[in-house]
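Asks: Give me a model of this one.
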Amino acid sequence: FASYASRGRWKLAPHLSLIDTLLLSVATGKPLPRHLRAAMAKVTGLRLEEMDRPIDRLLVELPPRHGKSQLISRYFPAWFLGMYPDRDFILTSATDDLAQVCSQEARDLLVEYGPAVFGRMVRPDVRATHHWQMEAGGSVQAAGVNGDIIGRGARCLIVDDFVRNAQDALSETVREGQDRWFMSTVKSRLAPAGAVVIMATRWHRKDLIGKRLAEMSQGGDRWARVRLPALAEEDDPLGRKPGEPLWPAMFS
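Replies: So this is what the prediction gives:
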């Protein structure tokens with residue numbers, strides 16, 4: 001869909017293909033195909049037996065400008081509502097403005113391509129950037145981190161780059177506030193079979209992703225984790241040699 005809607009300008013780089021495969025499990029609520037489970041267990045750090053379940057908790061760690069927001073916060077919500085127009089989607093980012101920009105782009109994609117590609121339409125009377133709705137009843141809400149998420153819950157919830165800058169990332173007050181927001185506001189809005197995707201360029205070990213990893217180590221929610229540095233380290237998930245760039249077509 002991304003390739004089609006961008007008229008071929010959007011390219012499925014190897015790291016985006018890996019994330020796309022996991023997003024399909026997030027969206028469908030089904031486990032990954034059996035032939036992919038062993039490889040994806042190694043990539044995500046989950047145990048092989050855990051791959052018999054859908055991916056409903058996903059952490060994505062990528063460098064800046066490597067396509068994560070374009071795929072996950074723009075094309076994915078549009079595709080998701082095109083495929084499942086009766087489901088609700090919540091999209092959050094560091095600020096209201098950033099979240100609404102992603103929401104607007106996803107909405108505009110469905111306005112343009114929804115009827116022809118999916119046979120679905122966005123309601124003409126509910127098209128605000130912070131809240132828009134499909135004719136079949138599904139909707140998208142967009143808000144900044146620590147913002148209000150009111151009304152219905154979500155079958156899928158995205159947290160995209162939760163800090164604005166290094167100053168926020170280094171502030172313990174900001175980090176603790178984000179964690180309280182996630183544990184109270186965000187988790188309370190998730191539907192029983194809902195999925196969460198948190199993605200970021202990370203600036204601090206005790207950020208929102210770090211808190212989820214710490215909880216997991218203490219028996220909390222199990223998260224599939226995709227960590228792809230700009231320059232490969234040992235045992236790279238994509239099989240890169242140490243020092244090899246993640247997206248050589250874009251960044252050396």
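Asks: How many residues are close by the spatially closest residue to Gly137 that is not a sequence neighbour?
Replies: For Gly137, the nearest residue in space outside its immediate sequence neighbours is Asp86; the separation is 4.8 Å by Cβ to Cβ, 6 or more residues apart in numbering. For glycine as for every other residue, the C-beta is placed from the backbone atoms N, C-alpha and C. Applying other Cβ atoms under 10 Å, we find 13 residues neighbouring Asp86.
Asks: Check the gap between Asp86 and Val43 for me.
Replies: Computed with Cβ to Cβ, to the nearest Å, the distance linking Asp86 and Val43 is 32 Å.
Asks: And what about the residue nearest to Gly137, helix, strand or coil?
Replies: For Asp86, the assignment made with DSSP: H, G, I helix; E, B strand; the rest coil gives coil.
Asks: Tell me the confidence at it?
Replies: Predicted confidence (pLDDT) at Asp86: the value is 96.
Asks: pretty sure it is in contact with Gln133, am I right?
Replies: No: taking contact to mean Cβ atoms under 8 Å, the distance of 10.6 Å between Asp86 and Gln133 leaves them out of contact.
Asks: element containing Ala193, please.
Replies: Applying DSSP states H and E as the criterion places Ala193 in strand 190-200.
Asks: buried stuff in that strand?
Replies: Neighbour-count burial for strand 190-200, counted by 16 or more other Cβ atoms under 10 Å, picks out 190, 194-200.
Asks: Could you export those residues as CSV, including pLDDT and distance to Met121?
Replies: Formatted as CSV, the entries for those read as follows, by pLDDT from 0 to 100; distance: Cβ to Cβ, whole Å:
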residue, pLDDT, distance to Met121
Leu190, 90, 27
Gly194, 93, 24
Ala195, 96, 25
Val196, 96, 28
Val197, 97, 26
Ile198, 97, 31
Met199, 96, 29
Ala200, 94, 33
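Asks: Look up the closest residue to the spatially most central residue of the chain, ignoring the ones flanking it.
Replies: Note on the chain: the residue nearest the mean C-alpha position is Val197, at 4.1 Å, using Cα atoms, centre = their mean. With Cβ to Cβ, 6+ apart as the criterion, Val197 has its nearest non-adjacent residue at 4.6 Å, and that residue is Leu58.
Asks: Repeat that for Trp79.
Replies: Of all residues apart from its sequence neighbours, Phe1 sits closest to Trp79 (Cβ to Cβ, 6+ apart), at 4.7 Å.
Asks: quick revisit: show the contacting residues for the residue nearest to Gly137.
Replies: Each residue near Asp86 by Cβ atoms under 8 Å, 6 or more residues apart in numbering is listed here: 134, 136-138.
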